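Colleague: Structural data only, the sequence is not supplied:
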């Protein structure tokens, strides 16, 4: 079950939102004053996360639940032992031992499920640009969130949650389970007990969800059809023009898919009162590969820097070799995240090598070039590397590369016919990947205000019609032939 599925949009989400706001409404005033305002609402959120995983991950949901429980116990144990040791002044290796066990369990489950098991596709044919992130649904996100929980507790950045409900809400936060963004426990932990749920925030969430839904369901799906045709074509069927179009279309598709799901996740989070950081910051508007990775999947790169001690930036005072090693290890981690597959491993390795070349040797020369030239260099590099990412094998990538260079095998070219409507949608999709009109953001406040007004109008109309129907039903019941009690 994904955010674009009719089951999610028409059944799951309305039921979850209705139960969430009902729980807020019936929360006793004494609970609100004592800091337990979201106790019942968090129960609804946890139940929503469990339901989402059961439907999406199937039998693997039990493995995820066990992982969450183990990390909750480990975090609570680390916190308790630390407090007792601080009170008595004694030192104990138990916190380090519990952290090691929790991290080992997380890593083993992640590697086994991602690289050892033959996993069925739990969501069917969705056209998603990165289906490997969805099998089983939520595994990557739950492991990363659980790791963040125990590590942040161990570092003392935030105390462990005494309530298993709050800990479960963080590790099984269903708005984040499809494709991120990753949110550190130190950033989201305080919002579990106290946050602001307002109509303005809900309106912002609706608008953000609508933007993400259009990216995924309209733009990315429209691009996915010609991309699938190009990358499934044989060596004698692919012309140079079709190969270039397929590569460019996939470059747009993968950004729209991932950023669209991130937009929907941020929007859903705001509906429930959570403030989640941005996952993409206009990456195709960068002018170097290093800057691209500072804007692409920002929370994933930040997570790797925070917990794997690898960095995209060169630290002053550190030897060049250590900086190079840090960058290469970062892209090894990114390859493992996006894998499995040799093409993805090669894709991540080439990204790492090119970033190292930029930072160590070519950066000064690149900065002297005109900005349009730098952007052209970046886009051509990305298009070529995305071909490697999308291809099902190295041979398949070789077929596309040969066709792009005009070295394809002679044969009957595959027709890639697109209508005016498809070209219009593709043009809009391309414009949506870069901030072509930065001042447009000023109008977003007006859009949110209109959304708020529409929600108020629809709610008032619904309540008015409901009360009118109830009164009409009472009137008809009183005048009809329904048996009445005899008067004494």
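Modeller: Sure thing, it's come through. On a predicted model such as this, the values are computed, not experimentally measured, just so you know.
Colleague: What distance do you get for residue 101 to residue 176?
Modeller: 25 Å (Cβ to Cβ, to the nearest Å). Every C-beta, even on glycine, is put in place using the N, C-alpha and C of the backbone.
Colleague: list the buried ones in stretch 419-437?
Modeller: 425, 426, 429, 430, 432, 433 (16 or more other Cβ atoms under 10 Å).
Colleague: which of residue 101 and residue 176 has more neighbours?
Modeller: The neighbour comparison of residue 101 against residue 176 (other Cβ atoms under 10 Å) goes to residue 176, with 30 against 14.
Colleague: quick one: low-confidence ranges for the stretch 201-350 of the chain?
Modeller: Within the stretch 201-350 of the chain, the stretches with pLDDT under 70 are 315-317.
Colleague: Do a quick rundown of the helices in it.
Modeller: 221-231, 240-271, 289-295, 298-307, 320-338, 342-357 (DSSP state H, counting those that start in this stretch).
Colleague: again, but for the stretch 1-150 of the chain
Modeller: Going by DSSP H, counting those that start in this stretch, the stretch 1-150 of the chain shows helices at 6-7, 13-26, 29-33, 39-57, 60-88, 94-111, 139-155.
Colleague: Among these, which one carries the weakest average confidence?
Modeller: Of all the helices of the stretch 1-150 of the chain, the minimum mean pLDDT falls on helix 29-33 (a mean of 81).
Colleague: Who are the packing partners of it?
Modeller: Applying 3 or more Cβ pairs under 8 Å, 6 or more residues apart in numbering; DSSP states H and E, we find helix 29-33 packed against no helix or strand.
Colleague: which stretch among the helices of the stretch 201-350 of the chain comes nearest residue 26?
Modeller: helix 240-271 (18.8 Å; Cβ to Cβ).
Colleague: tell me the secondary structure for the residue nearest in space to the middle of the chain?
Modeller: Of all residues in the chain, the one closest to the mean position by Cα atoms, centre = their mean is residue 180, 2.1 Å from it. Following DSSP: H, G, I helix; E, B strand; the rest coil, residue 180 is assigned to coil.
Colleague: of the buried residues of stretch 419-437, closest to residue 295?
Modeller: residue 433 (11.4 Å).
Colleague: still on that earlier bit, want to throw the helices of the stretch 1-150 of the chain into TSV with distance to residue 419?
Modeller: Below are these laid out as TSV (distance: least, Cβ to Cβ, whole Å):
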stretch	distance to residue 419
helix 6-7	26
helix 13-26	33
helix 29-33	56
helix 39-57	34
helix 60-88	41
helix 94-111	44
helix 139-155	37
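Colleague: most neighbours per residue, which of these?
Modeller: Neighbour counts (mean count of other Cβ atoms under 10 Å) averaged over each of these peak at helix 139-155, with a mean of 24.
Colleague: tell me the SS of the nearest residue to residue 255 once chain neighbours are set aside?
Modeller: Spatial nearest neighbour of residue 255, chain neighbours left out: residue 433 (5.7 Å); criterion: Cβ to Cβ, 6 or more residues apart in numbering. Taking three-state DSSP as the rule, one finds residue 433 in the coil state.
Colleague: what are the phi and psi angles of residue 433?
Modeller: Dihedral angles of residue 433 (phi, psi; degrees, to the nearest 10) stand at phi -90, psi -10.
Colleague: if I read this right, it contacts residue 280, doesn't it?
Modeller: No - judged on Cβ atoms under 8 Å, residue 433 makes no contact with residue 280 at a distance of 9.6 Å.
Colleague: Helices of the stretch 351-488 of the chain, start to end?
Modeller: Residue ranges of the helices in the stretch 351-488 of the chain, as given by DSSP H, counting those that start in this stretch, are 363-367, 371-390, 394-404, 420-431, 444-479.
Colleague: which strands and helices sit next to the third one?
Modeller: Same thing as helix 394-404. helix 221-231, helix 240-271, helix 342-357, helix 371-390.
Colleague: hmm, back to that, any idea how far residue 258 is from the residue nearest to the centre of the chain?
Modeller: Applying Cβ to Cβ to residue 180 and residue 258 gives a distance of 8 Å.
Colleague: which residues are common contacts for the two?
Modeller: 279, 297 (Cβ atoms under 8 Å, 6 or more residues apart in numbering).
Colleague: And for residue 327, the neighbour number?
Modeller: 25.
Colleague: Starting from residue 307, give me the distance back to it.
Modeller: For residue 327, the distance to residue 307 - Cβ to Cβ - is 17 Å.
Colleague: what does residue 207 give?
Modeller: Counting by Cβ to Cβ, the gap from residue 207 to residue 307 is 32 Å.
Colleague: My guess is residue 285 contacts residue 431. True?
Modeller: No - in this structure residue 285 lies outside contact range of residue 431 using Cβ under 8 Å: 11.9 Å.
Colleague: joint contacts of these two?
Modeller: Joint contacts of residue 285 and residue 431 (Cβ under 8 Å, 6+ apart) do not exist.
Colleague: sorry, back to before: I'd like the buried residues of stretch 419-437 laid out as CSV, including pLDDT and distance to residue 198.
Modeller: Formatted as CSV, those follow (pLDDT from 0 to 100; distance: Cβ to Cβ, whole Å):
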residue, pLDDT, distance to residue 198
425, 83, 34
426, 84, 37
429, 84, 32
430, 85, 35
432, 82, 28
433, 82, 31
